[in-house]
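Asks: 3D, please:
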Amino acid sequence: MPIVTKSLREYLQGNLVDFAERCEMQNFASPQVLTSLVVTLADLREEGVVLIPEIFLCDSLDETLKLLPVKEVLQIGRQKEPSKAIAEAVKKCSPLAIGGWCIYVARGLDDYMFGVFRGSLGPLSIPVEQTLFTEPRKTINLVRLLRTASGCIEIRNHRGDVYSMLLSDRPATSPLPHANAKDLVSQICSKVSEDIRESTTTYLEKTVRLALNACHGAIVVALKSSKVPSFLADGVVLQQPIDVSDAVRKLRNGDAEAEHVLNANAALIKGMISSDGITVFDSSARLIAYNCFIASPNKVAGKVVIGGARTRAFEALASKVGKQLACVFMQSQDGWTRFDGGNNVE
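Replies: Have a look, this model is predicted:
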């Protein structure tokens, strides 16, 4: 009986044909090139450290960056072939693609340039991808790739097409990682004054995303009130909460010192979310406790909880949603998330 070999690469490539055609970038963003990038980014590491670079492929770097009010570019190299330029860009630039820096590979006159670029690093600035992909574009050809969780790569193009490529046994109906993080931040900001809610949400979405990318799992809750409930008292309750909305208002009112406060607090928030235990916000965008723990029984509401300590803690907290808690969010070590916000359970 003959041996039959089936390739996952061929399956992925076949699913990216339509996407690649709509990119209108010929051999630069071909199904073959995109498939190689998806496979590479799914488990990109350097000396055991996971790397999560944000990569942009574009026909014209100048035209693309015109959309950013503030920008900086550092060119690293050039190659004649697009596949070689992309491979070298991933190898040489991935360790640099942190702290707001992204990788670019751009078509030149007779070759392909690569390096890193950034937009504004201001605490209230809109993220690069949001600026570039707010609406479908006709004047630029652009593709963005980012690993959003272990075995999940999101690909987006200038025409508004978004593909999430799952290299795992998760069903296609699984909620995507970023969706749950947005729901969490939305709840944390739900009681912030309407005039600064959007800016506060922008700041916390960026901060929480960077924290989740850097940590090995996390649990975050939002309270219905500003008092830490007794079942979370085993932790560090801040005598002075980190009041994000207050600093945002001060910055919007022209207080230059508030920008430094927001930048400094972003580092604290990332560290607290990365710590063991549960990070606690209220619903007015104030971080009030971290490193908290809850008794995690093997059964919740009579049902056996299958999973590790973090999963048991999530289920125990989920039983409090609608009472003391407004919502609970969990990210596992592989980057996949769960969320319970009462009527919104994923």
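
Asks: next, the contact list for the residue nearest to Arg107 when sequence neighbours are not counted, please.
Replies: Among residues not flanking Arg107 along the chain, Asp59 sits closest, at 5.0 Å (Cβ to Cβ, 6 or more residues apart in numbering). Every C-beta, even on glycine, is put in place using the N, C-alpha and C of the backbone. Residues in contact with Asp59 (Cβ atoms under 8 Å, 6 or more residues apart in numbering) are Met25, Phe28, Ala106, Arg107, Ile140, Asn141, Leu142.

Asks: check those residues and tell me the two furthest apart.
Replies: Distance extremes for those: the farthest pair is Phe28 and Ile140 at 13.1 Å, using Cβ to Cβ.

Asks: those two - which one has more neighbours?
Replies: Phe28 (23 against 17; other Cβ atoms under 10 Å).

Asks: quick one: the more buried one from Tyr112, how far?
Replies: 8 Å (Cβ to Cβ, to the nearest Å).

Asks: between the two, which contacts overlap?
Replies: Pro82.

Asks: name the helix or strand for Glu154, please.
Replies: Using DSSP states H and E, Glu154 sits within strand 152-157.

Asks: just curious, which of the contacts of Asp59 is nearest to Ala264?
Replies: For the contacts of Asp59, the nearest to Ala264 is Leu142 (33.6 Å; Cβ to Cβ).

Asks: quick check: bridge partners of that closest one?
Replies: Under DSSP bridges, the beta-bridge partners of Leu142 are Cys58.

Asks: what's the neighbour count on it?
Replies: So Leu142, with other Cβ under 10 Å, has 24 neighbours.

Asks: Ile188 too?
Replies: 30.

Asks: so how far is Pro175 from it?
Replies: Taking Cβ to Cβ as the measure, Ile188 falls 19 Å from Pro175.

Asks: again with Asn15
Replies: 20 Å.

Asks: so what's Arg22 up against?
Replies: Asn157, Arg159, Asp161.

Asks: let me know the closest of those to Val70.
Replies: Here the nearest of the contacts of Arg22 to Val70, counting by Cβ to Cβ, is Asn157; it sits at 24.0 Å.

Asks: can you report how many residues neighbour that closest one?
Replies: 23.

Asks: same question, the one 4 residues further on
Replies: Under the neighbour criterion other Cβ under 10 Å, Asp161 is assigned a count of 14.

Asks: so it sits right up against Leu16, yeah?
Replies: No. Asp161 is beyond contact range of Leu16, at 10.6 Å (criterion: Cβ atoms under 8 Å).

Asks: can you pull out the strands in the stretch 101-250 of the chain?
Replies: Remark: strands assigned in the stretch 101-250 of the chain by DSSP state E, counting those that start in this stretch are 101-107, 112-118, 142-149, 152-157, 162-166, 218-223, 236-243.

Asks: tell me the average confidence for the last one?
Replies: Here strand 236-243 scores 95 as its mean pLDDT.

Asks: now what about it, what contacts it?
Replies: Residues contacting strand 236-243 (Cβ under 8 Å, 6+ apart): 226, 228, 265, 268-269, 282, 285-292.

Asks: and what of the first one?
Replies: The set of residues that contact strand 101-107 without belonging to it, under Cβ under 8 Å, 6+ apart, is 25, 28, 53-61, 64, 73, 82, 85-86, 89-90, 93-94, 96-97, 112-118, 128.

Asks: now the buried members of those.
Replies: 25, 28, 53-59, 61, 64, 82, 85-86, 89-90, 93-94, 96-97, 112-118, 128 (16 or more other Cβ atoms under 10 Å).
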